[in-house]
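Peer 1: Sequence and predicted structure, then a few things I'm wondering about:
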Amino acid sequence: MRNALLPGTARDEREVLPWTTFTQPEVARMGLSEDEAQKAGIAYDVHRVPFDEVDRAVCDAETEGFAKVLTRKGSGRILGAAIVHDRAGELISELTLAKRHGVPLGKLASLIHVYPTLADVHGMMADAYSLGRLRRFKPLLARIFAWWR
């Protein structure tokens with residue numbers, strides 16, 4: 001609408017446009033799906049956390065579902081996200097904001113979430129991403145610490 005009235009003032013934001021299907025559980029998504037990334041020939045990593053590992057979901061007996069983020073292979077650049085949970089529509093916004101402003105997934109690991117909340121799932125995905133990056137350096141770190149001893 002903004003571009004119709006003032007041409008060129010708003011950028012195309014379809015890749016960060018979130019949507020939610022209000023089913024039971026809800027399904028929320030933004031950015032690329034795995035199929036879309038494959039068709040586009042984009043290499044990606046998947047970071048997935050089931051809600052039965054999120055303390056607030058366990059406390060509320062709402063453990064059905066998962067959250068997953070696709071990042072560009074070898075980097076934390078967010079390509080897309082999908083969440084299946086009773087509160088998916090409320091949870092997709094943090095990932096949409098991160099993608100919109102180029103905040104890599106690893107930076108979400110340093111964000112402090114109120115505990116216990118469902119939003120902790122974002123930090124858990126970011127932690128999984130960070131641990132995966134550390135595993136790549138494990139042989140190098142082992143050599144360094146062996147030398148240091």
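Peer 2: Yes, it's here. Residues are numbered from 1 along each chain as shown.
Peer 1: pLDDT on stretch 64-71, on average?
Peer 2: On average, the pLDDT along stretch 64-71 is 97.
Peer 1: Run the chain-centre distance for that stretch.
Peer 2: 7 Å (CA atoms, centre = their mean, to the nearest Å).
Peer 1: Hmm, residue 19 is touching residue 29, no?
Peer 2: Yes: Residue 19 is in contact with residue 29 according to CB atoms under 8 Å; the separation is 6.1 Å. Bear in mind the C-beta positions are built from the backbone N, C-alpha and C, glycine included.
Peer 1: the more surrounded of those two?
Peer 2: Each of residue 19 and residue 29 has its neighbours counted (other CB atoms under 10 Å); residue 29 has more, 21 against 10.
Peer 1: beta partners of that one?
Peer 2: Under the criterion DSSP bridges, residue 29 forms beta bridges with residue 19, residue 82.
Peer 1: From residue 115, how far off is it?
Peer 2: Distance from residue 29 to residue 115, counting by CB to CB, to the nearest Å: 26 Å.
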